[in-house]
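Peer 1: Sequence plus predicted model, see below.
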Amino acid sequence: MLCQNCNKNEATIHVQQVINGKVTSIHLCAVCAAKKAAADPDFQSFNLAEMIFDFAGKIAGQNTGKKEEAPQNAPRCSVCGWDLESYRKTGYLGCPECYKSFENILREILKTMHHADVHKGKIPLNSPDERPERTRTLLRREIEDLREKLNLAVQKEEYEEAAQIRDRIFALEEQLLDLNGGKHDA
Amino acid sequence: MTPEQQINELFKQKVCWLSDSGPEDDIAISSRIRFARNLQNEMFPLRAKDSVLCGIRDEIMAAIRSVGKARRIRFCEFNMDELSALDRQFLLERHLISREFLNPRHGAALATSREQGTFIMVNEEDHLRIQVLAPGFQLKKLQERIDKLDDQLSEHLSFAFDSKLGYLTSCPSNLGTGMRASVMLHLPGLVLTEQIQPVLQGISKLGLAARGFFGEGSNNLGNLFQISNQSSLGESEKTILERINTVISQIILHEKKARATLLAGKREFLLNHVSRAYGLLKHSYLISGDEALAALSALRLGVDMKMFRSVDIHTVNDLFLRVQTAHLQKYSERELEQGERDAVRATVLRQYFQDF
């Protein structure tokens, strides 16, 4: 039987819902079931992690031709001792380091969950590694703060100070322009 | 002040995201953004020992206090395990905590601004759940607010972050930005014209999720739908918010059309729907929570469509909260048996509507 949502994959998850005595059957593949579980509160009782994990496990099995590893050989997080079985049961990881410990299996899970596996968003200001994006963020924020100060100085008619702030803003904007490869900040 | 006295202060305090005006607030009740953050080199709350969690809580609370001082926000602080079950239920009804906090672990805490528009859950699923709420449809403004708060907290705390995976969260479904943004919509028009199902299906195809008034698991009580992003990884915060903004604008447009269709083609049906609800609210002596929410939803539709000039939407919003069980008990200043609640709820509503 094909999944009734995507009509592509084999349906492996079969759900019967009883609403006001009316029975409806739903047949889904693991991917669509996971999506539905995330979107539909009625499906919350299903362990999302477990379903996706099974799915990812199958893919990993297909690629390597290996059967599931025996529990005693199962990888554990070197920092907190959490294992995949615990993740499968709870849907939660033990510590930040778990992401490294279970990198391979998580990559598949993330692709199913987010359709992506690389972060493109915010970077913390105290991020230890120096990267241009962080410097840009810092520059933008400093410029923003200075603009506020400039407005205040103008309001107070402290024109000498305002001129100094303005020059500082120009200098920072130039730095930002250099970082952007000559393009103006959007 | 004891925790209970602090809770009673919050009870008296108006909730900014329900009682202030905001853009499109005839349909969009409120906007919310949450950032999930964890401390570097610490186990996630589920795995960490109680003593460790209490240490983490103290560290985070100290950071929140410093930020509060710099921003002149006075945060009210609560240790969850020092509160009564009723007070925890009250915080849940105010949307300040999640269901998980009803049975809190050691070290679980909440810091909230008095107006309840900025608050942080400590040691829930993640070490920090930073949240901001505002009335109406205004995600962009909220993002600026939460971004700044997050930056200021990161001056005091080192967040677990990986350059490839982003902010590391206890559940991989929040990984990356750690962001969930949502808008609470009141969609009686789409429900009455039976267009809501296709709309909800469309939403999930666009990578967004629809939930009820009380988040996951709650159904569409009072025709209230919370629309939020499903994935948090692979797009920037800005891109995710733009996607939500586009979809929400479309839904608001559809809801307006549905309301116009009802008014033009089914005037008696609409008037009947709204007026009966008004009658129920004004004259009942026993009314259940679900019944009250359904009637308030209908009344709000009537108010939005200028059928009731004397009632304003913020009052109806406020009543959405006041008819909930913990709020009724706070109002009565005592615990109420299951059977008493429907009577007290009806009294609260009658008292309110007798002036009209």
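Peer 2: Thanks, I have it. Predicted, not measured: the structure shown is a model, and the values here were computed from it.
Peer 1: Tell me which residues touch B:Ile248, please.
Peer 2: For B:Ile248, the contacting residues are B:28, B:137, B:183, B:185, B:227, taking CB atoms under 8 Å, 6 or more residues apart in numbering or on different chains as the criterion. All C-beta spots, glycine's among them, are computed from the backbone N, C-alpha and C.
Peer 1: distance of B:Val316 from chain A?
Peer 2: B:Val316 is 25 Å from chain A, where distance means CB to the nearest CB, to the nearest Å.
Peer 1: Write out the residues of the stretch 1-150 of chain B neighbouring chain A.
Peer 2: Proximity of the stretch 1-150 of chain B to chain A is confined to B:38, B:40-44, B:46-47, B:125, B:147, B:150 under the rule CB under 8 Å from any CB of the partner chain.
Peer 1: mind redoing it with 6 Å?
Peer 2: Residues of the stretch 1-150 of chain B lying near chain A by CB under 6 Å from any CB of the partner chain: B:43-44, B:46-47.
Peer 1: how about the residues you listed in TSV, adding secondary structure and neighbour count?
Peer 2: Supplementary listing: those in TSV, determined by DSSP: H, G, I helix; E, B strand; the rest coil; neighbours: other CB atoms under 10 Å in any protein chain shown:
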residue	secondary structure	neighbour count
B:Met43	coil	26
B:Phe44	coil	25
B:Leu46	coil	19
B:Arg47	coil	21
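Peer 1: Look at residue 33 and tell me its secondary structure.
Peer 2: Using chain A here. Going by DSSP: H, G, I helix; E, B strand; the rest coil, the secondary structure assigned to A:Ala33 is helix.
Peer 1: meant chain B actually
Peer 2: Assigned with three-state DSSP, B:Ile33 falls in the strand class.
Peer 1: With the one 3 residues further on instead?
Peer 2: For B:Ala36, the secondary structure call by three-state DSSP comes out as strand.
Peer 1: List the contacts of it.
Peer 2: With contacts defined as CB atoms under 6 Å, 6 or more residues apart in numbering or on different chains, B:Ala36 is in contact with B:126, B:129, B:169, B:174, B:178.
Peer 1: What does the residue lying closest to it once chain neighbours are set aside show for phi and psi?
Peer 2: Leaving aside its sequence neighbours, B:Ala36 sits nearest to B:Gly178 (CB to CB, 6 or more residues apart in numbering or on different chains; 3.8 Å). Comment: the main-chain dihedrals of B:Gly178 come out as phi 70, psi 10, following degrees, to the nearest 10.
Peer 1: Looks like B:Gly178 contacts B:Phe35 (just checking).
Peer 2: Yes: checked against CB atoms under 6 Å, the pair B:Gly178 and B:Phe35 is within contact range at 5.1 Å.
Peer 1: Tell me which other helices or strands the helix or strand containing A:Lys111 touches.
Peer 2: When secondary structure is defined using DSSP states H and E, the element that contains A:Lys111 is helix A:103-114. Based on contacts counted as 3 or more CB pairs under 6 Å, 6 or more residues apart in numbering or on different chains; DSSP states H and E, the elements that helix A:103-114 packs against are helix A:48-64.
Peer 1: coming back round to it: tell me the one among the contacts of B:Ile248 nearest to chain A.
Peer 2: Out of the contacts of B:Ile248, the one with the shortest distance to chain A is B:Ile227. That distance is 10.8 Å, counting by CB to the nearest CB.
Peer 1: quick one: the closest one is in a strand?
Peer 2: Yes: according to three-state DSSP, B:Ile227 belongs to a strand.
Peer 1: Can you find the residue of chain A that comes nearest to chain B?
Peer 2: Taking CB to the nearest CB as the measure, the point where chain A comes nearest chain B is A:Ala116, at 2.3 Å.
Peer 1: so that residue touches B:Leu233, yeah?
Peer 2: Yes: contact criterion CB under 6 Å: A:Ala116 and B:Leu233 qualify, at 5.2 Å.
Peer 1: Compare neighbour counts for the two and give me the winner.
Peer 2: Legend: neighbour count by other CB atoms under 10 Å in any protein chain shown for A:Ala116 and B:Leu233, higher for B:Leu233 (27 against 16).
Peer 1: Got phi/psi on the closest residue to the more buried one other than its chain neighbours?
Peer 2: In space, B:Leu233 comes closest to B:Gly176 once its chain neighbours are excluded; the distance is 3.2 Å by CB to CB, 6+ apart. The phi and psi torsions at B:Gly176 (degrees, to the nearest 10) take the values phi 100, psi -110.
Peer 1: Quick check: B:Gly176 touching A:Lys120?
Peer 2: No: using CB under 6 Å, B:Gly176 makes no contact with A:Lys120, being 7.9 Å away.
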